[in-house]
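[1] model the structure of this input:
(one chain, ligands or ions: 2)
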Amino acid sequence: MFTTEFLDLPHLARAGGSVQLPGSKSISNRVLLLAALSAGTTTIHDLLDSDDTRVMLDALHALGCTVTPRQVTPGQPVQITGIDGALPNNARAQLFLGNAGTAMRPLTAALAILGGSFEMTGVPRMYERPIGDLVDALRQLGCQIDYLRDEGFPPLRIGQPDFRQLGSTGAAPIQVRGDVSSQFLTSLLMALPLLASTSPQAIAIDVVGELISKPYIHITLELLARFGIRVENHGWQRFVIPAGSRYQSPGSIHVEADASSASYFIALGAIAASAEGQNGIKIEGVGLDSIQGDIRFVEAARAMGAEITGGPNWLHVARGRWPLRAIDLDCNHIPDAAMTLAAMALYADGTTTLRNIASWRVKETDRIAAMAAEARKLGALVEEGAGFIRITPPAAPEDWRAASIHTYDDHRIAMCFSLAAFNPAGLPVRIQDPKCVAKTFPDYFEALFALVQPGAPAPVICIDGPTASGKGTVATLVAQRLGFALLDSGALYRIAGLAASRAGIALQADQADRIAALIATLHIVFAPDQRVLLNGEDISLAIRTEEAGMNASRVSAFPAVRQALLQWQRDFRRLPGLVADGRDMGTVIFPDAPLKVFLSASAECRAQRRFKQLIDKGLSANMHDLLADLQARDARDTQRSASPLQPAEDALHWDNNAERTVEQAVQQVLSWWQQRQPFAAEESAV
Ligand SMILES: Nc1ncnc2c1ncn2[C@@H]1O[C@H](COP(=O)(O)OP(=O)(O)OP(=O)(O)O)[C@@H](O)[C@H]1O
Ligand SMILES: Nc1ccn([C@H]2C[C@H](O)[C@@H](COP(=O)(O)O)O2)c(=O)n1
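    Ligands and ions are numbered 1, 2, ... in the order given. Modelled structure (predicted):
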């Protein structure tokens with residue numbers, strides 16, 4: 001996951017390949033709660049690992065359910081042993097539910113019926129998301145719920161219910177509004193079987209007002225059936241839970257991939273020309289037979305021109321009509337995925353109107369306002385109303401603008417606007433706070449980058465300079481701040497020197513071809529945790545000694561060795577970008593890099609830094625020897641005939657002398673990078 005302040009997406013041109021989607025958030029959190037309320041142990045496969053499922057898992061653990069393992073690990077099922085419909089007497093807990101509506105609402109209903117002493121809290125945005133209609137419905141039954149701040153909104157305190165008023169004849173149908181959020185009805189449907197299990201009468205729920213988002217209720221009913229609860233659906237207006245209903249674990253259950261998440265890749269297939277040798281995008285984990293309502297996004301995407309085929313657990317999408325066809329659509333049936341249509345509208349041949357989307361205003365953010373504001377930044381004409389949005393794309397490529405997209409802590413805004421990187425103007429797009437995708441799809445950008453091809457080679461920032469000038473330190477931090485990959489090219493020469501020495505090859509010119517041949521056989525891994533593995537062995541420390549540095553300098557003078565490492569280095573270039581440090585990054589390896597920096601500092605200053613660095617690592621060092629070695633290395637690196645150390649003609653110089661801190665150097669490089677970006681300065685301060 002990208003945890004940077006922002007993520008710059010270069011202009012994207014093509015896409016192709018296949019993507020395995022994460023589990024559905026809606027199904028994951030429903031399954032977790034149903035498993036927790038059931039008798040027996042449920043093994044859950046393909047559970048989504050996200051912010052919202054994490055808060056649900058934490059809450060279930062706090063309520064006394066056995067959760068194994070406590071965290072979701074890809075490919076490993078989670079087992080939940082349920083409470084069999086009852087909590088211990090005087091159960092109490094404080095539950096932090098983040099911004100997860102799929103946890104706050106159903107848990108509130110279930111705990112209000114189970115009874116105990118609970119505080120339901122979350123992030124500030126959660127306290128702006130209404131829950132009053134659900135609380136009103138629960139109070140009709142005798143549940144004890146108090147608002148801790150504003151009437152109608154979390155946080156809440158839940159106490160012991162008093163169901164005496166229900167009597168032996170059961171209650172009148174419970175009334176719940178259906179026109180604000182379908183999560184209220186879902187919550188009641190999942191909680192009321194707890195009451196029905198001991199009730200002599202069936203329990204009925206009447207929906208007041210038009211029921212929005214019926215597809216989500218469909219998911220709820222399907223999953224309830226898997227857990228032994230068969231709810232009667234009377235025309236989506238009355239739902240009846242039979243007396244004696246009892247939750248029973250199905251033993252094992254698979255979570256479908258998220259159909260809403262599929263919408264971004266369906267849109268990608270519809271927007272992007274196919275990558276060479278590829279035919280569109282294959283989406284795995286969800287198919288045309290999905291129980292999720294958002295699968296009907298397929299129909300809307302087809303109406304806009306996408307060519308989509310599919311089977312039981314897969315979809316295939318290719319660009320069909322181009323430009324896309326503008327549509328006018330009632331989106332009540334696909335409230336979440338409809339946001340992706342707004343992104344597709346940027347590539348349509350006219351004005352697209354999305355109607356019946358008032359629920360967008362009470363989601364993670366006011367999504368109508370947010371989509372309108374950000375689409376306008378790109379140059380689109382946008383009109384918005386209480387329950388609609390109307391988008392006209394920029395008239396011509398030159399009307400597009402490079403935008404820094406504010407994401408409002410809303411995963412869907414971030415994912416939708418990533419698609420703007422396919423704009424016909426060749427502009428990059430900046431996504432602020434990219435980690436907001438963690439809510440449903442933590443690795444969304446990684447999945448996107450695996451499928452797309454940029455319009456031009458991915459950007460590279462080259463940082464060259466002599467030994468101990470600070471290149472590696474500065475390059476590492478710049479790469480971290482931008483979410484870019486890192487190439488420590490010196491490490492490759494160090495590995496070559498180490499491998500040759502270990503193989504008993506003399507590090508001299510007449511052995512260069514043997515060393516080059518050896519390099520071709522090496523299996524080198526730069527692990528995400530900074531370890532360097534050579535043929536499976538951790539050589540991170542072995543390549544950092546002064547001797548290894550000197551050996552690297554020796555082998556690096558041989559043209560055959562440099563040639564053997566050339567493509568290896570260029571293969572590091574990838575989306576969203578690369579920071580490369582070394583001696584010839586700007587001159588030889590990436591001569592087209594948009595930013596080249598050359599660091600320098602006096603030999604004495606560098607020797608001091610290296611001395612401190614070695615002492616800090618617990619290694620012995622001698623200033624006099626260090627300075628002599630460093631000067632010898634400088635001489636060899638600058639005087640060799642093959643790619644000698646020298647600044648590229650277009651490099652920017654930074655005197656990284658003893659008065660300058662690491663952070664100053666990092667800020668300078670970031671500021672030079674920022675100056676090369678087309679985003680308006682006030683929108684995107686680094
Ligand atoms: N202003 C500065 N910029 C960068 N590094 C600094 C600075 N001041 C002190 N240092 C320290 O200097 C030491 C040497 O830096 P670093 O290892 O990044 O150099 P290098 O140029 O990559 O060396 P080599 O080419 O030998 O790998 C580090 O311990 C780093 O923390
Ligand atoms: N692009 C590069 C990187 C490194 N070298 C050589 C010269 C250095 O003395 C040696 C070790 O590099 P370091 O890890 O200290 O950056 O490798 C080179 O020739 N070209």
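[2] secondary structure class of residue 614, three-state.
    Three-state call for residue 614 (DSSP: H, G, I helix; E, B strand; the rest coil): helix.
[3] touching ligand 2 at all, the longest helix along the chain?
    Secondary structure assigned by DSSP state H gives helix 623-639 as the longest helix of the chain. Yes: counting by CB under 6 Å from any ligand atom, ligand 2 has neighbours in helix 623-639: 633, 637. (Glycine included, C-beta is placed from N, CA and C.)
[4] what's downstream of that helix, the next helix or strand?
    Remark: after helix 623-639, the chain's next helix or strand is strand 652-655, criterion DSSP states H and E.
[5] quick one: distance of the helix or strand that contains residue 596 to the chain centre.
    Assigned by DSSP H and E, residue 596 falls within strand 595-600. Here strand 595-600 is found 32 Å from its chain centre; the criterion is CA atoms, centre = their mean, to the nearest Å.
[6] ditto for stretch 32-43
    28 Å.
[7] contacts for that stretch, please.
    Stretch 32-43 is contacted by residues 31, 44, 47, 53, 56-57, 60, 63, 65-66, 77-85, 106-107, 110, 190, 193-194, 223-224, 226-228, 246-253 when judged by CB atoms under 8 Å, 6 or more residues apart in numbering.
[8] what does stretch 441-449 give?
    1-2, 7, 19, 21-22, 49-50, 258, 261, 264-265, 268, 411, 414-415, 418, 431, 434, 437, 574-576.
[9] buried residues, that stretch. List them.
    If you call a residue buried by 16 or more other CB atoms under 10 Å, then stretch 441-449 has these buried ones: 441-445, 447-449.
[10] so which bits of this structure are right by ligand 2?
    Residues of the chain lying near ligand 2 (CB under 6 Å from any ligand atom): 467, 489-490, 493-494, 549, 552-553, 556, 582-584, 633, 637.
[11] what subset of the residues you listed is also close to ligand 1?
    Answer for the residues of the chain next to ligand 2 near ligand 1 (CB under 6 Å from any ligand atom): 467, 490, 549.
[12] just the residues you listed now: which is nearest residue 509?
    Proximity of these to residue 509 (CB to CB) peaks at residue 549, which lies at 19.3 Å.
[13] of the residues of the chain next to ligand 2, which belong to strands?
    residue 582 (DSSP state E).
[14] out of the residues of the chain next to ligand 2, which is nearest to ligand 1?
    residue 467 (3.8 Å; CB to the nearest ligand atom).
[15] how many neighbours does the closest one have?
    Neighbour count for residue 467, taken as other CB atoms under 10 Å: 24.
[16] mind listing what the nearest residue to it once chain neighbours are set aside touches?
    In space, and not counting its chain neighbours, residue 467 is closest to residue 633: 5.2 Å by CB to CB, 6 or more residues apart in numbering. With contacts defined as CB under 8 Å, 6+ apart, the neighbours of residue 633 are 466-467, 549-550, 553.
[17] any idea of the pLDDT on residue 633?
    On pLDDT, residue 633 comes in at 88.
[18] likewise for the one 3 residues further on?
    For residue 636, the pLDDT comes out at 90.
[19] please name the nearest non-neighbouring residue to it.
    The nearest residue in space to residue 636 (CB to CB, 6+ apart) is residue 553, at 5.2 Å.
[20] OK, contacts around the one you found?
    Neighbour list for residue 553: 467, 493, 633, 636-637 [criterion: CB under 8 Å, 6+ apart].
[21] for the residues you listed, which one is nearest residue 354?
    Nearest to residue 354 among the contacts of residue 553, with distances taken as CB to CB, is residue 493, at 55.7 Å.
[22] wait, the closest one sits on residue 554?
    No: the pair residue 493 / residue 554 is not scored as a contact, 9.2 Å apart, by CB atoms under 8 Å.
[23] pick out whichever of the two has more residues nearby.
    The residue with more neighbours, out of residue 493 and residue 554, is residue 493; 26 against 23, by other CB under 10 Å.
[24] residues in contact with the more buried one?
    Here residue 493 is in contact with 552-553, 555-556, 561, 565 (criterion: CB under 8 Å, 6+ apart).
[25] ok, back up a step: turn the buried residues of stretch 441-449 into CSV, columns for secondary structure and pLDDT.
    Formatted as CSV, these follow (DSSP: H, G, I helix; E, B strand; the rest coil; pLDDT from 0 to 100):
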residue, secondary structure, pLDDT
441, coil, 92
442, coil, 90
443, coil, 94
444, helix, 97
445, helix, 98
447, helix, 97
448, helix, 98
449, helix, 98
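[26] give me the pLDDT for the residue in the chain positioned nearest to ligand 1.
    Going by CB to the nearest ligand atom, ligand 1 is nearest to residue 470 of the chain, at 2.3 Å. At residue 470, the model reports a pLDDT of 96.
[27] tell me, how many residues neighbour it?
    Residue 470 has 23 nearby residues by other CB under 10 Å.
[28] that one: what's it in contact with?
    By CB under 8 Å, 6+ apart, the neighbours of residue 470 are 599, 601, 609, 656, 662, 665.
[29] could you rerun that using 10 Å?
    Neighbour list for residue 470: 463, 581, 599-601, 605-606, 609, 654, 656, 660-662, 665-666 [criterion: CB atoms under 10 Å, 6 or more residues apart in numbering].
[30] thought residue 666 was touching residue 599?
    No: with contacts counted by CB atoms under 10 Å, residue 666 stays clear of residue 599, the gap being 11.3 Å.
[31] and those two? which has more neighbours close in?
    Neighbour totals were compared for residue 666 and residue 599, and residue 599 leads with 27 against 19 (other CB under 10 Å).
[32] how about residue 123: what's its closest non-neighbour residue?
    residue 99 (4.9 Å).
[33] from residue 118, how far out is that neighbour?
    According to CB to CB, to the nearest Å, residue 99 stands 19 Å off from residue 118.
[34] how about the residues of the stretch 101-250 of the chain by ligand 1?
    Going by CB under 6 Å from any ligand atom, none of the residues of the stretch 101-250 of the chain are near ligand 1.
[35] one step back: from the residues of the chain next to ligand 2, which two are the most distant?
    Maximum distance among the residues of the chain next to ligand 2 (CB to CB): 16.6 Å, for 549 and 584.
[36] so for those two, which sits in the more crowded spot?
    The residue with more neighbours, out of residue 549 and residue 584, is residue 584; 24 against 21, by other CB under 10 Å.
[37] hmm, residue 643 and that one touching each other?
    Yes: if you go by CB under 10 Å, residue 584 and residue 643 touch, sitting 4.0 Å apart.
[38] anything in contact with each of those two?
    556, 562, 566, 637.
[39] top of these by number of neighbours, please.
    residue 556 (27 neighbours).
[40] need the contact list for that residue.
    So residue 556 contacts 489-490, 492-494, 496-497, 562, 565, 582-584, 633, 636-637, 640, 642-643, 645 (CB under 10 Å, 6+ apart).
[41] repeat for residue 522
    The contact partners of residue 522, by CB under 10 Å, 6+ apart, come to 492, 495-496, 498-499, 534-535, 564, 568.
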